[in-house]
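> Return a 3D structure for these sequence lines:
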Amino acid sequence: MRSTRGLLWLILAAIVVSTGCRFTLPWRGVGQAEAPMFRANAERTGVYPAGGPTRLNELVWSFRTGGVIYASPTIAAGIVYLASLDGYLYALDAATGQERWSFETGDMVGSSPAVAGGLVYFGSCDGNLYALDAATGQERWRFETGDWVVSSPVVAGGLVYFGSDDAHLYAVEAATGQERWRFRTDDWVRSSPALSGGVVYIGSEDGYLYAVDAATGRERWRFETYDYVDSSPAVADGIVYFGSDDGFLYAVDAATGRERWRFRTNDWVRSSPAVADGVVYFGSDDGYLYAVDVRTAQERWRFRTDDWVRSSPALSGGTVYIGSDDAYVYAVDARTGQERWRFRTNDWVRSSPAIASGILFVGSDDGSLYAIR
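Residues are numbered from 1 along each chain as shown. Prediction:
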């Protein structure tokens, strides 16, 4: 039976780790490749620049926060932006891990930031979406919703789209924070929106995936599953891929919402899929990372970890990177499913990896962000 909703977040908030501890190892510089939002792009495909580490060479640096790191880091202009359940958003030098600035909100921060137009956008469990100056951390504006904002924003066309536990999907002006429209679902919206072809796709804990017109906020279609949809959708080649707590990964037509196929796992699918080269990759609470053919829905391979997989896979070159509740970050050959390397943290890894300039950045429930190559 599902435990009381929100209990896990309260437990995570109580896990406090010591602050201020960090170290650095030699670094060869940061290039121009960036990962400025959750899942790398507005379509949420999880495809990052090529050059991610195929061998585990070194821990470049780590940075300790005062709480669990649930969100995925984002990287822009040589800065890593990191949210923590200690209530802060941090800006770190990507080369050294040194703190540039930090910004305190009024509650836990589990939303992954998005960087666009010199601003960084993210949500907090204090109910606000924030816009900060990306260089200085100064607040530009905040937009208040009626409940926690765990959903990670996407920014496009001068608008910021995000969900809230008040059951709404919002569109607000990126420059001013003025509301453009809101769309109501029937339960918490912890899924993060994907944007493609003028349509916003997002899941809700009411069990539906919604397609909403990005300009007007009007519903295009909805697709019903049998349980919560906390997985964030990925859109590729006219198909929307997403998971549900009913244990399935779904593929639906992006234009019509008609089901193309579904793939069954043995537990909840809260991991958000990555899609590239005719294959969709995703994790499940059954402990596996899956690779499934997007045309036939046939399993290509599965890779076993020793606990739930709620981290979302990141693709770079021919490697899939993912975390597990067994405390490891894994690098897996995208074609064969063979392990390339693993890196151990000190707690669950539900943060999703991000890759920029050949470095893998990932958080852990141990409160640390790791930079690995």
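
> least trustworthy helix or strand in the chain by mean pLDDT?
Ranked by mean pLDDT, DSSP states H and E, the weakest helix or strand in the chain is strand 22-24, scoring a mean of 35.

> Tell me the strands beside the following helix or strand past it, with direction?
Using DSSP states H and E, the helix or strand that follows strand 22-24 towards the C-terminus is strand 59-64. Strand 59-64 has the following strand partners under DSSP bridges: strand 22-24 (antiparallel), strand 368-372 (antiparallel).

> Only the buried residues of stretch 192-209, if you could.
Neighbour-count burial for stretch 192-209, with 16 or more other CB atoms under 10 Å as criterion, is recorded at 192-196, 199-209. In this view, the C-beta of every residue, glycine as well, is placed from N, C-alpha and C.

> same deal with stretch 256-267?
Gly257, Trp261, Phe263, Thr265.

> which ones are touching the last one?
With CB atoms under 8 Å, 6 or more residues apart in numbering as the criterion, the residues that contact Thr265 are Gly247, Phe248, Leu249, Ser284, Asp285, Asp286, Tyr288, Tyr290.

> separation between Gln98 and Asp277?
Applying CB to CB, to the nearest Å, the value for Gln98 to Asp277 is 37 Å.

> partner residues bridging the closest residue to Tyr288 other than its chain neighbours?
Distances taken as CB to CB, 6 or more residues apart in numbering put Arg302 closest to Tyr288, at 4.6 Å, once the chain neighbours are dropped. Counting by DSSP bridges, Arg302 is bridged to Tyr290.

> Check whether Arg302 really touches Leu289, as I assumed.
Yes - using CB atoms under 8 Å, Arg302 is in contact with Leu289, at 6.8 Å.

> Please enumerate the shared neighbours of those two.
Jointly contacting Arg302 and Leu289 under the rule CB under 8 Å, 6+ apart are Gly337.

> out of these two, which sits in the more crowded spot?
The neighbour comparison of Arg302 against Leu289 (other CB atoms under 10 Å) goes to Leu289, with 24 against 15.

> wait, the more buried one sits on Phe282?
Yes - under the contact definition of CB under 8 Å, Leu289 touches Phe282, with a separation of 7.5 Å.

> who touches both of those two?
Common neighbours of Leu289 and Phe282 (CB under 8 Å, 6+ apart) are Pro313.

> if we can go back for a sec, so which of the buried residues of stretch 256-267 belong to strands?
If you go by DSSP state E, the buried residues of stretch 256-267 have Trp261, Phe263 in strands.

> Columns pLDDT and distance to Asp326 on top of the buried residues of stretch 256-267, output as CSV?
Formatted as CSV, these follow (pLDDT from 0 to 100; distance: CB to CB, whole Å):
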residue, pLDDT, distance to Asp326
Gly257, 98, 36
Trp261, 98, 29
Phe263, 98, 23
Thr265, 98, 17
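
> what would the buried residues of stretch 256-267 look like in TSV with distance to Arg340?
Converted to TSV, the buried residues of stretch 256-267 look like this (distance: CB to CB, whole Å):
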residue	distance to Arg340
Gly257	37
Trp261	29
Phe263	24
Thr265	23
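
> and which of the buried residues of stretch 256-267 is nearest Thr336?
Nearest to Thr336, judged by CB to CB, of these is Phe263 at 19.3 Å.

> and the closest one, bridged to which residues?
Beta-bridge partners of Phe263, as defined by DSSP bridges: Leu249.

> Surely Phe242 touches Gly203?
Yes - Phe242 lies in contact with Gly203 (CB under 8 Å); the separation is 6.0 Å.

> residues shared between the contacts of the two?
Common contact partners of Phe242 and Gly203 (CB under 8 Å, 6+ apart): Ser191, Leu209, Val229, Ser231, Ser232, Pro233.

> can I get the residues you listed in TSV with secondary structure, pLDDT and distance to Thr65?
Converted to TSV, those look like this (DSSP: H, G, I helix; E, B strand; the rest coil; pLDDT from 0 to 100; distance: CB to CB, whole Å):
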residue	secondary structure	pLDDT	distance to Thr65
Ser191	coil	98	24
Leu209	strand	99	32
Val229	coil	98	29
Ser231	coil	98	25
Ser232	coil	98	23
Pro233	coil	98	29
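
> what about burial for the residues you listed, which qualify?
Among those, those buried by neighbour count (16+ other CB under 10 Å) are Ser191, Leu209, Val229, Ser231, Ser232, Pro233.

> and the shared contacts of Phe242 and Gly203 as JSON lines, adding distance to Gly46?
Listed next are the shared contacts of Phe242 and Gly203 as JSON lines, based on distance: CB to CB, whole Å:
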{"residue": "Ser191", "distance to Gly46": "15"}
{"residue": "Leu209", "distance to Gly46": "17"}
{"residue": "Val229", "distance to Gly46": "17"}
{"residue": "Ser231", "distance to Gly46": "12"}
{"residue": "Ser232", "distance to Gly46": "10"}
{"residue": "Pro233", "distance to Gly46": "11"}
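
> of all the residues you listed, which two lie farthest apart?
Farthest pair in the shared contacts of Phe242 and Gly203 (CB to CB) is Leu209 and Ser232. Separation: 10.3 Å.

> shared neighbours, the two?
Residues touching both Leu209 and Ser232 (CB under 8 Å, 6+ apart) are Ile202, Gly203, Phe242.

> Which residue is the nearest non-sequential neighbour of the second one?
Ranked by CB to CB, 6+ apart and with sequence neighbours excluded, the top spatial neighbour of Gly203 is Val229, at 2.9 Å.

> Surely that neighbour and Tyr201 touch.
No - Val229 is not in contact with Tyr201 according to CB under 8 Å; the separation is 10.5 Å.

> so what sits against both of these two?
Counting by CB under 8 Å, 6+ apart, the shared contacts of Val229 and Tyr201 are Leu209, Phe242.
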